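*Asks:* Build the 3D model from these lines:
(one chain, ligands or ions: 1)
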Amino acid sequence: MRDKKNTAFLQITFGLRLKVDSSSCRMDIGKRQPHLSYRLSMHLFNSVLARILPLLPKWAARPFASPYVAGTTPSSALEVVQRLNSAGFSATLDILGEHVKSPAEARRVRNAYLELYECIYRQGLDCNISLKLTHLGLGLSESPAKENLLDLAGKARERDNFLRIDMENSDYTDQTISLYRKCRELHESTGMVLQARLRRTLADIEELCEPGFNCRICKGIYPEPAELSFTLADEIRENFSLAVRAILSRGGYAAIATHDIELINSLEDWLMENEVPHHRFEFQVLHGVPMAGRLERLLERGYRVRVYVPFGEDWFDYSIRRLRENPRILGYVIKNLFSRRCRATAQQKVPARRQPDDTVPA
Ligand code: FAD
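*Replies:* As a prediction, this is how the structure comes out:
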């Protein structure tokens, strides 16, 4: 998904909303709601751009992608992981792609992950693996995906590593949970993901959570029908907090995956008030998303922070698919282009000063 120095819409990996602060040349999350006409124009702009981008050559799309993917090869991704580890971050590697077209292709993906576990082991990295079941063949039928997944669980066990199954759209939730259970029978150090956007998530936690249950909670990237999902940002955020608390109060391990600073702040307060031991949870973010120094502060307080590092040849197609599903992601791409330009300009003027929206080290 990403080529060595640049590539890719990590933005495109997962999606969001945006606002512009034109005076400072930054787009910001947040406090003020942009005018409806502004939001409509941005939506239209993003939608048009999302349709044009697939027609462009890869080199033209590359600048949009650069900070968010760790190159196209395992070695480029492992270099990024090495640098993250040196800065105190844990990592999780994801080979970009989903919905393979044949069992043979799924097998190749399995082999690539097997090799990755081996490299992580040999290099002694603080890094595990996150994967999507449709990349292992789930879209074709359950059996190749199950076979590939169990092979990988066996390898993770052999190399004393962890395997996390990402969550895809709600068509796959039940199958993912069922395969997660099978995988966990073979290798205890297996985790999954639940999405705060989905109404069923708290019930799933009740059903699944037992000591050792390791679950990433994220908002959920996939647009879902209203009968299955919350649509208001505050409802999703509320459900996110409830889900994290439910996991922790039932003895599970929570991976808190969000860039939403307010959510991080309120969860951190709750964790401190309830004296939740640090080994019961971690924070997770996507590689390259600006976090305004918040991650370093989490590290200083002794929390584990894991960076999700996607890489691979499939960066372009994958990004375009994500983009078609959710053109709002383009807002982040553009935002970061602007922030980088602003930073470059500011750094030329005031070379010694660290800029406030530095990205996750890479
Ligand atoms: P938002 O309120 O959407 O974002 C907060 C702010 O963070 C934004 O305003 C923006 O400034 C910044 N931001 C957020 N995302 C980006 C981005 N991509 N690029 C640039 N800036 C950004 N979803 C799934 O459905 N299944 C998964 O398995 C899954 N795994 C994930 C793993 C990790 C480690 C993370 C961090 C996210 C994962 N997601 C997954 C995506 C997640 O569901 C959200 O879509 C995504 O994280 C955006 O939500 P947010 O919580 O960051 O909050």
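*Asks:* From here on, just use CA atoms for contacts and neighbour counts.
*Replies:* Fine.
*Asks:* OK, contacts around the residue of the stretch 51-200 of the chain found nearest the ligand?
*Replies:* Of all residues in the stretch 51-200 of the chain, Asp166 sits closest to the ligand, at 3.6 Å by Cα to the nearest ligand atom. By Cα atoms under 8 Å, 6 or more residues apart in numbering, the residues touching Asp166 are 130-133, 192-193.
*Asks:* And the pLDDT at it?
*Replies:* Looking at Asp166, its pLDDT is 98.
*Asks:* Okay, helices next: where are they in this protein?
*Replies:* 10-13, 36-52, 58-65, 74-86, 103-123, 142-158, 173-186, 201-208, 233-249, 261-273, 294-300, 315-325, 329-349 (DSSP state H).
*Asks:* so which of the ones you listed gets nearest Arg280?
*Replies:* Ranking the helices of the chain by proximity to Arg280 (Cα to Cα) places helix 233-249 first, at 7.3 Å.
*Asks:* Report the spatially nearest residue to the single nearest residue of the stretch 151-300 of the chain relative to the ligand, omitting neighbours in sequence.
*Replies:* Nearest residue of the stretch 151-300 of the chain to the ligand, counting by Cα to the nearest ligand atom: Gly220, 3.1 Å away. The shortest distance from Gly220 to any non-neighbouring residue, by Cα to Cα, 6 or more residues apart in numbering, is to Gln195 (4.7 Å).
*Asks:* so where's the chain shaky on pLDDT?
*Replies:* 1-36, 38-39, 42-43, 45-46, 49-50, 53-54, 56, 60-67, 317-362 (pLDDT under 70).
*Asks:* what about 50?
*Replies:* 1-33, 340-362 (pLDDT under 50).
*Asks:* Find the centremost residue of it, please.
*Replies:* What sits nearest the mean C-alpha location of the chain, by Cα atoms, centre = their mean, is Leu286, with 4.7 Å.
*Asks:* Get me the contact residues on the stretch 151-300 of the chain for the ligand.
*Replies:* 166-168, 193, 218-222, 257-260, 284-286, 289 (Cα under 6 Å from any ligand atom).
*Asks:* Type out the PyMOL command that picks the buried ones from those residues.
*Replies:* To isolate the buried members of these in PyMOL, using 16 or more other Cα atoms under 10 Å:
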select buried, resi 166+167+168+193+218+219+220+221+222+257+258+259+284+285+286+289
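*Asks:* before we move on, the earlier item: include mean neighbour count when you put the helices of the chain into JSON lines, please.
*Replies:* As requested, the helices of the chain are exported to JSON lines (neighbours: other Cα atoms under 10 Å):
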{"stretch": "helix 10-13", "mean neighbour count": "28"}
{"stretch": "helix 36-52", "mean neighbour count": "14"}
{"stretch": "helix 58-65", "mean neighbour count": "17"}
{"stretch": "helix 74-86", "mean neighbour count": "20"}
{"stretch": "helix 103-123", "mean neighbour count": "17"}
{"stretch": "helix 142-158", "mean neighbour count": "20"}
{"stretch": "helix 173-186", "mean neighbour count": "17"}
{"stretch": "helix 201-208", "mean neighbour count": "15"}
{"stretch": "helix 233-249", "mean neighbour count": "19"}
{"stretch": "helix 261-273", "mean neighbour count": "14"}
{"stretch": "helix 294-300", "mean neighbour count": "16"}
{"stretch": "helix 315-325", "mean neighbour count": "22"}
{"stretch": "helix 329-349", "mean neighbour count": "18"}
